[in-house]
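*Asks:* coordinates for the following, if possible.
(one chain, ligands or ions: 1)
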Amino acid sequence: MSERTPAMPTDSPPNGFLWGAATSAYQIEGSPLADGAGPSIWHRFAHTPGRVLNDDTGDIACDHYSRWREDVALMASLGLNAYRFSVAWARILPEGTGRVNQAGLDFYRHLVDALLEQGIEPMLTLYHWDLPEALDARGGWASDASPGWFADYAQILYRALGDRVRLWITLNEPWVITAGGYLYGDLAPGHCNPRESAIVAHNLLRAHAAASASGRAEGIERIGLAVNLEPQDPASDSPEDQDAAARRDAFINRWFLDPVFFGRYPAQMQTIFGTDWPDFSASELDALRAPPDFVGVNYYSRSVVRADPTAQPVGARRVRQDTRPHTAMDWEVHPQGLTDILVWIQGRYGNPPVYITENGAAFEDPQPVAGRLRDRERLAYLRSHLRAASRALRRGVDLRGYFAWSLLDNFEWSYGYAKRFGLVRVDPVDRQRLIKDSGRFYRDAIRRYGGGR
Ligand SMILES: N#[N+]C[C@@H]1[C@@H](O)[C@H](O)[C@@H](O)[C@@H]2O[C@H]12
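*Replies:* Coordinates of the predicted model:
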C-alpha cells in the first residue's frame, strides 16, 4: 500500500448519504452502574469467570461515559455526518421496567445534543444485547411479557429524544441475540436450549413489532431493524451442498427478515429445529409482519458451506477458504459478498431503504510509531468494501449510508479486548485515542465523496 492516500474506491453516492461509524453501549461506555444505572446481563456475564477471554469486562471499556465530549469531537475531526450508538436499557430503567433513571436519560440527551451541534446525525439503537439483569431474572426474552417491556422502554426514549433523533433501530442482530445467547451459549445470558431459542426469536420479532407500533404512535417515522447478513455459497454443485447452503441461508439471513416483511418463517426452520420448533398459529405469524422503514445491514463476510450432518442444528458447516485473506476473527475478506447481499435484499424485499449499519474488520494492529498506526489490512478492507457498496448503488440499491464498525477499539464481547475493530486506537492503559491510517483514509474518502457535514 503506497504511503499516499489510495485512489478513492467509490463513485459519488447520492445526496444526503450518511458517512458514519457505529458503536454500542456496553462495548464502549464503561461505568455500567454509574448514576443509578442497573446491571445488565453483560455486566453479570463478563463478571462470571471463564465467560470472556482474559476475564475482561466492560467496567471501563473505552471510558466513553466520561469521554463522550472528546469522542464527539473525534467524530467531527473524521468528518462523520452520522453516528450510530446504542442506549443501555438499564441506565434508563434500572429494574428494566417502572422507575425511570433521569441521569441515564440525561447522558444520552447530552450526547445527542452534542452530535447535532456538530452536524452529526444520530442513529439510535434501542437494544444492542445488554438486557437489564432484573428482566432476565423474570424470564428475559423467553418471557411472553418481554415484547411489552421493550415497547414501554422504547416509548420512554421516543418521548425523550424523538424530537431530535430521526433514525431509530429497534434491535441489533436478533439472530446473534438468539443464537449466541440461547442456542450456542457463547454470549449473554449463555443458554444452550434450542426450543427456548426459537421462543426467544419469536419474542424478539414481537418486540420489534411492538416497539415499531409504539414509535408510530409517538410520530417516529424512520424505525429500522439491524440484521447480520452473510451470503451462503455452496462448496460444490452437489445437491447436498446446495441444500445445506439454502438451509444456512434460511437460518442466518431469512429467520428474521422473512417474518417482518412477509409474516412467515422460512420453511426450513421446521426442518432445522424439528420438534423444538413451536407450532405458531397463523395469527401469531401474521402479527410478526412489521416491515422496517429501513433495513440495517451488518456485513462482515460470507460463508462457503458444505453439508455436514454432524454440524447441528443446520447440518451444514463453513469451509475455510485457505487461499483467501482472513481477518483476526478468521472471517474471509470477501467484499463481493456485500454487493451480493445488498442486491439480494433489493430483489427479495422490494428494494427497501438500506443502511450499512456495520462493516469493518479486526486485524492484529502494529504498535503506533511516531504517533502513527499503519493498519494497512483494515484500510484495504475498508477500501474494498466501500467499492463493493458503490457497485450496489450502481445496481439501483436504495443505499442511504455506511457506518464503519467501529469508531473505537472496544470490548468485543466474549473476545474481550483481544479483537480490535476500531478506526481509532484506544490505548489499553490510558484509553488515549489515536486515529489509525484506516481512520485517516475514511476521513479522506468522506471529504472527497461525502458532501461534508
Ligand atoms: N464480531 N464482531 C464485530 C461486531 C460486534 O462488535 C457488534 O457488537 C455486533 O453488532 C456485530 O458482530 C459484529
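*Asks:* hey, let's count contacts and neighbours off CA atoms from now on
*Replies:* Fine.
*Asks:* in the chain, which ranges drop under the pLDDT threshold?
*Replies:* Scanning the chain for pLDDT under 70 picks out 1-11, 451-453.
*Asks:* and the strands in it, which stretches?
*Replies:* For the chain, the strands defined by DSSP state E cover 18-22, 82-86, 121-127, 167-172, 223-229, 232-234, 294-299, 303-307, 316-318, 354-359, 399-405, 424-426, 433-435.
*Asks:* just name the most buried of those strands.
*Replies:* With neighbours taken as mean count of other CA atoms under 10 Å, these reach their highest mean count in strand 18-22, at a mean of 27.
*Asks:* Throw the strands of the chain into TSV and include distance to residue 147, thanks.
*Replies:* Listed next are the strands of the chain as TSV, based on distance: least, CA to CA, whole Å:
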stretch	distance to residue 147
strand 18-22	25
strand 82-86	18
strand 121-127	12
strand 167-172	11
strand 223-229	15
strand 232-234	31
strand 294-299	20
strand 303-307	32
strand 316-318	32
strand 354-359	23
strand 399-405	28
strand 424-426	36
strand 433-435	38
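*Asks:* hey, where'd the helices end up in the stretch 251-400 of the chain?
*Replies:* Per DSSP state H, counting those that start in this stretch, the stretch 251-400 of the chain carries helices over the ranges 257-262, 268-273, 282-286, 336-348, 376-394.
*Asks:* would CSV of those helices with distance to residue 75 and mean neighbour count be doable?
*Replies:* Listed next are these as CSV, based on distance: least, CA to CA, whole Å; neighbours: other CA atoms under 10 Å:
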stretch, distance to residue 75, mean neighbour count
helix 257-262, 31, 20
helix 268-273, 42, 17
helix 282-286, 42, 13
helix 336-348, 25, 20
helix 376-394, 17, 21
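*Asks:* quick one, what contacts the nearest residue to residue 303 once chain neighbours are set aside?
*Replies:* Distances taken as CA to CA, 6 or more residues apart in numbering put residue 232 closest to residue 303, at 5.0 Å, once the chain neighbours are dropped. Counting by CA atoms under 8 Å, 6 or more residues apart in numbering, residue 232 touches 245-246, 248-249, 302-305.
*Asks:* and the two most separated of those residues?
*Replies:* 246 and 302 (13.5 Å; CA to CA).
*Asks:* more neighbours: which of the two?
*Replies:* It is residue 302, of residue 246 and residue 302, that has more neighbours when counted by other CA atoms under 10 Å, with 22 against 18.
*Asks:* returning to that earlier point: of all the contacts of residue 232, which comes closest to residue 402?
*Replies:* residue 302 (18.5 Å).
*Asks:* wait, isn't that closest one in contact with residue 336?
*Replies:* No. Judged on CA atoms under 8 Å, residue 302 makes no contact with residue 336 at a distance of 9.0 Å.
*Asks:* wait, residue 354 sits on residue 399?
*Replies:* Yes. Between residue 354 and residue 399 there is a contact at 4.9 Å, judged by CA under 8 Å.
*Asks:* what lies in contact with stretch 316-323?
*Replies:* Under CA under 8 Å, 6+ apart, the answer for stretch 316-323 is 235, 244-245, 247-248, 303-309, 311, 332.
*Asks:* and the spatially closest residue to residue 365 that is not a sequence neighbour, what does it touch?
*Replies:* Counting by CA to CA, 6+ apart, residue 375 is the residue found nearest to residue 365 once chain neighbours are left out, at 5.9 Å. Residue 375 is in contact with 365-366, 436-438, counting by CA under 8 Å, 6+ apart.
*Asks:* can you tell me which residues contact the one residue sitting closest to the centre of the chain?
*Replies:* Of all residues in the chain, the one closest to the mean position by CA atoms, centre = their mean is residue 172, 4.8 Å from it. Residues near residue 172 by CA under 8 Å, 6+ apart: 125, 127-129, 225-227.
*Asks:* rerun at 6 Å
*Replies:* If you count contacts by CA atoms under 6 Å, 6 or more residues apart in numbering, residue 172 has them with 128, 226.
*Asks:* quickly list what it is bridged to.
*Replies:* Beta-bridge partners for residue 172, by DSSP bridges, are residue 226.
*Asks:* just to revisit the earlier point, any idea which of the helices of the stretch 251-400 of the chain gets closest to residue 118?
*Replies:* helix 376-394 (24.2 Å).
*Asks:* what's the angle from the closest one to helix 336-348?
*Replies:* Counting by axes from the mean of the first three to the mean of the last three CA atoms, to 10 degrees, helix 376-394 lies at 30 degrees to helix 336-348.
*Asks:* sorry, back to before: need the max-distance pair from the contacts of stretch 316-323.
*Replies:* Checking the contacts of stretch 316-323 with CA to CA, the most distant pair is 309 and 332, at 23.5 Å.
*Asks:* higher neighbour count, the two?
*Replies:* Comparing residue 309 with residue 332 by other CA under 10 Å, the one with more neighbours is residue 332, at 20 against 12.
*Asks:* okay, the more buried one and residue 384: tell me how far apart.
*Replies:* Using CA to CA, to the nearest Å, residue 332 is found at 13 Å from residue 384.
*Asks:* could you do residue 255 as well?
*Replies:* For residue 255, the distance to residue 384 - CA to CA - is 28 Å.
*Asks:* wait, which of the contacts of residue 232 is closest to residue 390?
*Replies:* Closest approach to residue 390 among the contacts of residue 232 (CA to CA): residue 302, at 18.3 Å.
*Asks:* need the contact list for that closest one.
*Replies:* 230-231, 337.
*Asks:* before we move on, what about residue 181?
*Replies:* Residues near residue 181 by CA under 6 Å, 6+ apart: 187-191.
*Asks:* now those residues as a markdown table including neighbour count?
*Replies:* Below are the contacts of residue 181 laid out as a markdown table (neighbours: other CA atoms under 10 Å):
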| residue | neighbour count |
| --- | --- |
| 187 | 24 |
| 188 | 24 |
| 189 | 22 |
| 190 | 17 |
| 191 | 18 |
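*Asks:* residue 359: what's it in contact with?
*Replies:* 299-300, 404-405.
*Asks:* how big is the angle separating the longest helix along the chain from strand 121-127?
*Replies:* Longest helix of the chain, by residue count under DSSP state H: helix 194-217. Between helix 194-217 and strand 121-127, the angle comes out at 140 degrees (the same axes, to 10 degrees).
*Asks:* ok, and what's touching helix 194-217?
*Replies:* Residues contacting helix 194-217 (CA under 6 Å, 6+ apart): 141-142, 147, 151, 170, 178, 182-183, 276, 288, 290.
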